[in-house]
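Colleague: how would this look folded up:
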Amino acid sequence: MSKSIFENVDLAPPDKILGLVADFKADPHPNKVSLIVGAYRTEEGAPYVLPVVQKVEKEIADNKTLNHEYLPIGGMPELCRAAVKLALGDESSIITENRIAAVQSLSGTGALRLAFDFLFQHYDNHTVFIPKPTWENHREILKFVGYTDIHEYKYFCSETKGLDLNGFTNDLKSAPPGSVILLHACAQNPCGVDLTQEEWKLAADIVQENNLVVVFDMAYQGFVSGCPDTDAWAVRYFVSRGLEVFICQSFAKNFGLYNERCGNLAVVCKNSTIAMHVESHLLKIIRAMYSNPPNHGAKVVATILNNPVLKREWLDQLKSMTNRILSCRQLLFQKLKELEVPGDWSHVIQQCGMFTYTGLKPDQVSLLREQYHIHMLASGRINVCSINESNLNYVVAAFKDVIINTSGSKL
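Modeller: Sure thing, here's the model as predicted:
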């Protein structure tokens, strides 16, 4: 029998996060707890389908005039228009002046891949800076595009569990002029530390002075304040400064459409001609990569955003999700204080979005998994809305035990 042509293909390492999810599912312990998943959960620990999404999906299912024809290469135009308004505001001059290229993407991951594919092909500077820490898939996307000159800029301070402002600004200032920089628009994943408005202004100054090219990852719009307009402040401020930016939007989290892969890539340009040219090349990339995007999630999001009544319902439900996340943070913080868990835990309520960096060390995380069947990332990141009344005492008591009984007890 002849050798396989794949004889030299080794076993690729599993995705770190999805691998941990698989480990959790395989854990037979009845009291196991997952603090891993990057998705919103209800008080019962269940996935949440927004009522307005259910309503629209029923309308779509009952509409006998709809079909399954291909969407255009750039996706559903009414989705792209609505997504751009959500990012920049209904009255943005960028929209009225046609200075934006926009295409539907395969959620936020697809938008990032399109943005970096375009930059790699059409922008000569191939130096990219990503935050330390950042979503692990950012580096993988860059590597698969072809980038090799990938650097980290300082962001999270392990001592204060907040922003390392000096490290952040110094690294941006020392980046080679024209470098590409990836910024989280809000609800930084994984550390939950966002810039203040004054810090964003300082960052914009450096970006402008150093001619840096900004790619915004905007996966959690609305999950910080409960208001999409408020959470878009940084993006809108950078645009108001005349900067050309890439905006990578995901509707997985704020619409609960995780498996529909619905997103949008918007590129703010200097004029309408440049925007038209940029969009034409994005379409070429899409055509060769996956031809055109799926319809269902796009139809749901476009229907909601373009109908004032439905949009109001969505905004109310988004606010409700955000309020629960804030409530989970308060519950966790109060219980940590009540049980006198060693350390200063104020960062739990100072950080924002779905995630918080607990400060737990890898050896403590391992003990939590082995002894208490509490599963989380080795970095100590947890999804705060995985905390609920039924597991709160168990989780916090376990935290206390491993902190007291490990050498790295000081947080």
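Colleague: contacts, neighbours, all on C-alpha from now
Modeller: OK.
Colleague: which stretches of the chain form strands?
Modeller: 33-34, 100-106, 127-132, 149-154, 156-157, 162-163, 180-184, 213-218, 245-250, 262-268, 355-357, 374-375, 381-383 (DSSP state E).
Colleague: would you turn those into JSON lines with mean neighbour count and distance to S320?
Modeller: What follows is the strands of the chain, written out as JSON lines (neighbours: other C-alpha atoms under 10 Å; distance: least, C-alpha to C-alpha, whole Å):
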{"stretch": "strand 33-34", "mean neighbour count": "21", "distance to S320": "22"}
{"stretch": "strand 100-106", "mean neighbour count": "27", "distance to S320": "26"}
{"stretch": "strand 127-132", "mean neighbour count": "20", "distance to S320": "30"}
{"stretch": "strand 149-154", "mean neighbour count": "17", "distance to S320": "33"}
{"stretch": "strand 156-157", "mean neighbour count": "20", "distance to S320": "28"}
{"stretch": "strand 162-163", "mean neighbour count": "20", "distance to S320": "26"}
{"stretch": "strand 180-184", "mean neighbour count": "22", "distance to S320": "23"}
{"stretch": "strand 213-218", "mean neighbour count": "24", "distance to S320": "20"}
{"stretch": "strand 245-250", "mean neighbour count": "27", "distance to S320": "19"}
{"stretch": "strand 262-268", "mean neighbour count": "28", "distance to S320": "22"}
{"stretch": "strand 355-357", "mean neighbour count": "26", "distance to S320": "17"}
{"stretch": "strand 374-375", "mean neighbour count": "24", "distance to S320": "26"}
{"stretch": "strand 381-383", "mean neighbour count": "24", "distance to S320": "17"}
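Colleague: Make a markdown table from these and add mean pLDDT and distance to A61 to it.
Modeller: Below are those laid out as a markdown table (pLDDT from 0 to 100; distance: least, C-alpha to C-alpha, whole Å):
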| stretch | mean pLDDT | distance to A61 |
| --- | --- | --- |
| strand 33-34 | 95 | 34 |
| strand 100-106 | 99 | 22 |
| strand 127-132 | 98 | 42 |
| strand 149-154 | 98 | 45 |
| strand 156-157 | 96 | 46 |
| strand 162-163 | 96 | 46 |
| strand 180-184 | 99 | 36 |
| strand 213-218 | 99 | 30 |
| strand 245-250 | 99 | 24 |
| strand 262-268 | 99 | 18 |
| strand 355-357 | 94 | 35 |
| strand 374-375 | 97 | 38 |
| strand 381-383 | 95 | 33 |
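Colleague: which stretch among the ones you listed comes nearest M1?
Modeller: Across the strands of the chain, M1 has its closest neighbour in strand 100-106 (41.8 Å, C-alpha to C-alpha).
Colleague: Could you tell me the angle between the closest one and strand 245-250?
Modeller: Using axes from the mean of the first three to the mean of the last three C-alpha atoms, to 10 degrees, the inter-axis angle of strand 100-106 relative to strand 245-250 is 30 degrees.
Colleague: From P14, how far off is the nearest residue to I325 once chain neighbours are set aside?
Modeller: Leaving aside its sequence neighbours, I325 sits nearest to C385 (C-alpha to C-alpha, 6 or more residues apart in numbering; 5.4 Å). Distance, C385 to P14, using C-alpha to C-alpha, to the nearest Å: 25 Å.
Colleague: For these two, indicate the residue with more neighbours.
Modeller: Neighbours per residue, other C-alpha atoms under 10 Å: of C385 and P14, the larger number sits with C385, 26 against 9.
Colleague: The more buried one and L257: what is the separation?
Modeller: The gap separating C385 from L257 is 17 Å, by C-alpha to C-alpha.
Colleague: do the same with T134
Modeller: Taking C-alpha to C-alpha, one finds T134 at 22 Å from L257.
Colleague: Please identify which of those two sits among more neighbours.
Modeller: Between T134 and L257, counted using other C-alpha under 10 Å, the more crowded position is L257 (23 against 19).
Colleague: I figured the more buried one was touching G297, is that so?
Modeller: Yes: L257 lies in contact with G297 (C-alpha atoms under 8 Å); the separation is 6.8 Å.
Colleague: circling back to that earlier point, so the residue nearest to I325 touches V37, yeah?
Modeller: No: assessed by C-alpha under 8 Å, C385 is found out of contact with V37, at 9.8 Å.
Colleague: nearest spatial neighbour of N388, skipping sequence neighbours?
Modeller: Distances taken as C-alpha to C-alpha, 6+ apart place E43 nearest to N388, at 5.5 Å, with adjacent residues excluded.
Colleague: Check the burial of that neighbour by counting its neighbours.
Modeller: By other C-alpha under 10 Å, 15 other residues sit near E43.
Colleague: which ones are touching it?
Modeller: Taking C-alpha atoms under 8 Å, 6 or more residues apart in numbering, we find E43 in contact with 385-389.
Colleague: before we move on, what about L265?
Modeller: Contacts of L265 (C-alpha under 8 Å, 6+ apart): 102-105, 111-112, 114-115, 246-249.
Colleague: K201 too?
Modeller: Contacts of K201 (C-alpha under 8 Å, 6+ apart): Y237.
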